[in-house]
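K.L.:
sequence and predicted structure below; questions after.
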Amino acid sequence: MNYEIIFGDGALDNVVTIAENLAAGEAFLEKVEQALRLLADDPFHHGIKDRSVFGFRGQTYRFQVDHEGVVFFFAARFYFRENENELMMVNVEVSL
């Protein structure tokens, strides 16, 4: 089943900031989008229970994107919406 991904306020701020600073920002965003589509195709396989000390009761999807020789590591926190057809992205963290 393919889920729709909904982004909460500010969920992609870190990703957009990095893309704006890259020469090929659009290509970078396409790679991130492709990785998130994998999650939407099978969140039960790709998501793991989030063990956040801040009390978040959702899941985390960890992935990486290699862009022009630089590897970016992502942790996307999400939960299933009540309608069970959507994934709500709460935050997408990026690190090198």
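P.N.:
Arrived safely, thanks for sending.

K.L.:
just the helices in the protein please.
P.N.:
13-21, 25-41, 43-46 (DSSP state H).

K.L.:
wait, what's in contact with the most far-flung residue of the chain relative to its centre?
P.N.:
Within the chain, residue 23 marks the point farthest from the mean C-alpha position, 21.4 Å out by C-alpha atoms, centre = their mean. Taking C-beta atoms under 8 Å, 6 or more residues apart in numbering, we find residue 23 in contact with residue 68. Using the backbone N, CA and C atoms, a C-beta is placed for each residue, glycine as well.

K.L.:
please report how far it lies from residue 15.
P.N.:
Look at residue 23 and residue 15: by C-beta to C-beta, to the nearest Å, they are 16 Å apart.

K.L.:
nearest residue to the middle of this protein?
P.N.:
Short answer for the chain (C-alpha atoms, centre = their mean): residue 76, at 3.7 Å.

K.L.:
low-confidence stretches in the protein?
P.N.:
1, 52-56 (pLDDT under 70).

K.L.:
same thing but 90
P.N.:
1, 23, 48-58, 82-84, 96 (pLDDT under 90).

K.L.:
I'm done for today, thanks for sticking with me.
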